[in-house]
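Student: Have a look at this prediction, sequence included:
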Amino acid sequence: MQWCRFTANGSTSYGIIEGESVHEVSGTPFGEHSKTGKSHGLDSIQLEVPVIPPTFYAAGINYPEHVTWAAQMRGQEPDLPKRADVGYRAINALVPHGHDIIVPADATEQLQYEGELVVVIGKTCRNVTETESLDYVLGYTIGNDVSERTWQRNDRTMWRAKNTDTFKPMGPWIVTDLNPDDLHVVIRVNDRVVGEYDVATALFGVRHYISEMSKYLTLVPGDVLWMGTEGATENMKDGDLCDIEISEIGTLSNRVNWQK
């Protein structure tokens, strides 16, 4: 099933996508819901961020080639993490498919994409095993963890490097009933492939992250977990179009808009 959040005729609601139609839903995918009987053409609505998460989690340095590349950029030897670490991102940074990535005028040229699988939690989750963990997942969507690397290196925290308004495109929708280990990610800038990887090559997979996190904190419906990216990343320039494609989900597209 494909779930979306969309705006039509000035009203925002959840919808179920079937072919080229969006069927408006009363309620949410996290509880009771029913179709209202209203339908819209997919090309006639405005897709919104597919969920506004209560908490926005991000897996830390979770792919080996990306860890190695980042260490080389710092002039250090790579040190693969021994455990699954998680950080947080700001909800204000979220924007939907099709929305511009608006870059402050004082950002440096080191503005880079990170194409990631996003896990959407569907049920309250505490102290679950890896075997049970996917039972608590509603579905999966796509994220672009836009990062300003100069700020990332020089600020004491990543408050602006990762969390500037519009730096977290997410969407276009949520797809249920997928096996995350089967998914493949392709990243393009202006139709040029700049990155490609299998989700299954992560140091720590979706099951492990959910189980480990649930030992210490309660995951609730609507929480999102971004799973990290693989490989080296390149700079984006004003006007660039960045596409993150994940098999069985779709493509998240956003253009860079550098402020003068």
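Tutor: Noted; the coordinates are in hand. As the structure is a prediction and not an experimental result, all values here were calculated from the model.
Student: Backbone torsions only: list them for the residue nearest to the spatial centre of the chain.
Tutor: The chain has residue 143 as the residue nearest its centroid, 2.3 Å off, counting by C-alpha atoms, centre = their mean. With angles defined as degrees, to the nearest 10, residue 143 sits at phi -130, psi 150.
Student: Quick check: it vs residue 126, distance?
Tutor: Residue 143 sits 24 Å away from residue 126, going by C-beta to C-beta, to the nearest Å. (Glycine included, C-beta is placed from N, CA and C.)
Student: about what we covered before: give me the pLDDT for the residue nearest to the centre of the chain.
Tutor: Looking at residue 143, its pLDDT reads 98.
Student: now do residue 128
Tutor: With respect to pLDDT, residue 128 scores 98.
Student: Looks like it contacts residue 136 (just checking).
Tutor: Yes: assessed by C-beta atoms under 8 Å, residue 128 is found in contact with residue 136 at 6.3 Å.
Student: what do those two both touch?
Tutor: Residues touching both residue 128 and residue 136 by C-beta atoms under 8 Å, 6 or more residues apart in numbering: residue 210.
Student: Export only the CA atoms of stretch 28-39, formatted as PDB.
Tutor: Taking Å, rounded to 0.1, in the frame of the first residue of the first chain, the C-alpha atoms of stretch 28-39 are listed here in PDB:
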ATOM      1  CA  THR A  28      -4.400   8.300   9.800                       C
ATOM      2  CA  PRO A  29      -2.400   5.200   8.800                       C
ATOM      3  CA  PHE A  30      -1.500   4.900  12.500                       C
ATOM      4  CA  GLY A  31      -5.000   4.300  13.800                       C
ATOM      5  CA  GLU A  32      -8.600   3.900  12.600                       C
ATOM      6  CA  HIS A  33      -9.200   5.300   9.100                       C
ATOM      7  CA  SER A  34     -11.600   5.000   6.200                       C
ATOM      8  CA  LYS A  35     -11.800   6.300   2.700                       C
ATOM      9  CA  THR A  36     -14.000   9.300   2.500                       C
ATOM     10  CA  GLY A  37     -15.200   8.600  -1.100                       C
ATOM     11  CA  LYS A  38     -13.300  11.600  -2.500                       C
ATOM     12  CA  SER A  39     -10.600  10.900  -5.000                       C
END
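Student: residues in contact with it?
Tutor: If you take C-beta under 8 Å, 6+ apart as the criterion, stretch 28-39 is touched by 3, 14, 16, 21-27, 122-123, 138, 174, 221-222.
Student: Go through it and flag the buried ones.
Tutor: Of the residues in stretch 28-39, 28-30 count as buried by neighbour count, 16 or more other C-beta atoms under 10 Å.
Student: need these in a markdown table with secondary structure, can you?
Tutor: Listed next are these as a markdown table, based on DSSP: H, G, I helix; E, B strand; the rest coil:
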| residue | secondary structure |
| --- | --- |
| 28 | coil |
| 29 | coil |
| 30 | coil |
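Student: Output the residues you listed as TSV; include the columns distance to residue 69 and pLDDT.
Tutor: Output for the buried residues of stretch 28-39, formatted as TSV (distance: C-beta to C-beta, whole Å; pLDDT from 0 to 100):
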residue	distance to residue 69	pLDDT
28	39	97
29	36	98
30	37	98
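Student: for those residues, which one is nearest residue 251?
Tutor: residue 29 (21.1 Å; C-beta to C-beta).
Student: circling back: mind checking which of the contacts of stretch 28-39 are buried?
Tutor: Buried by 16+ other C-beta under 10 Å: 3, 14, 16, 22, 24-25, 122, 138, 174, 221-222, out of the contacts of stretch 28-39.
Student: how about stretch 176-184 as PDB, C-alpha atoms only?
Tutor: Extracted in PDB, the C-alpha atoms of stretch 176-184 (Å, rounded to 0.1, in the frame of the first residue of the first chain):
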ATOM      1  CA  THR A 176       4.200  -0.700   3.300                       C
ATOM      2  CA  ASP A 177       5.100  -4.400   3.300                       C
ATOM      3  CA  LEU A 178       8.600  -4.100   2.100                       C
ATOM      4  CA  ASN A 179      11.800  -6.000   3.100                       C
ATOM      5  CA  PRO A 180      14.400  -3.300   3.700                       C
ATOM      6  CA  ASP A 181      17.200  -5.800   2.800                       C
ATOM      7  CA  ASP A 182      15.900  -6.000  -0.700                       C
ATOM      8  CA  LEU A 183      16.100  -2.300  -1.500                       C
ATOM      9  CA  HIS A 184      18.600  -0.500  -3.700                       C
END
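Student: Fine, thanks again, bye for now.
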